[in-house]
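Peer 1: pasting the sequence and the predicted model now:
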Amino acid sequence: MNKEKLANLLGLAQRAGRIISGEELTVKAIQEGKAHLVFLAQDAAPNLSKKITDKSRYYQVEVLTVFSTLELSSAIGKARKVLAVTDAGFTKKMRSLM
């Protein structure tokens, strides 16, 4: 898996407005079926991890924990522990990099 390319793609998706970030907004995106793919920081708090993985499992959204909080934050230029990709095209490209 190419983490650098994945991080660059996340940045691109962020600039294109295809990323929803932050706990509440991500959960809402999962529930509304807008989230195609969820990125959760490896070092996120246990209660956040459980909340996101439970919601994602229920709504059948894939969750990836390939980045740390620092890597995730620097990829999108905001301090975040969780984010959702809302674009099918970006999701497909990201999956191909996995």
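Peer 2: Structure received.
Peer 1: for the rest of this, base every contact and every neighbour count on C-alpha atoms.
Peer 2: Noted.
Peer 1: can you list the buried residues in the helix or strand harbouring residue 24?
Peer 2: Here residue 24 sits within helix 23-31, counting by DSSP states H and E. For helix 23-31, a neighbour-count test (16 or more other C-alpha atoms under 10 Å) marks 23, 26-27, 29-30 as buried.
Peer 1: which strands and helices sit next to it?
Peer 2: Applying 3 or more C-alpha pairs under 8 Å, 6 or more residues apart in numbering; DSSP states H and E, one finds that helix 23-31 contacts helix 46-58, strand 82-85.
Peer 1: what is the nearest of the buried residues of helix 23-31 to residue 9?
Peer 2: residue 26 (18.4 Å; C-alpha to C-alpha).
Peer 1: that closest one contacts residue 81, correct?
Peer 2: No: if you go by C-alpha atoms under 8 Å, residue 26 and residue 81 don't touch, sitting 10.5 Å apart.
Peer 1: got the contact list for the strand or helix carrying residue 6?
Peer 2: Secondary-structure assignment from DSSP H and E places residue 6 in helix 3-15. Applying C-alpha atoms under 8 Å, 6 or more residues apart in numbering, the contact partners of helix 3-15 are 19, 66, 71-72, 75-77, 85, 90, 94, 97.
Peer 1: can you do 7 Å?
Peer 2: Applying C-alpha atoms under 7 Å, 6 or more residues apart in numbering, the external contacts of helix 3-15 come out as 19, 75-76, 90, 94, 97.
Peer 1: how close does the spatially most central residue of the chain get to residue 9?
Peer 2: Here the mean C-alpha position of the chain is nearest to the C-alpha of residue 39 (C-alpha atoms, centre = their mean), at a distance of 2.6 Å. Distance of residue 39 to residue 9, given as C-alpha to C-alpha, to the nearest Å: 13 Å.
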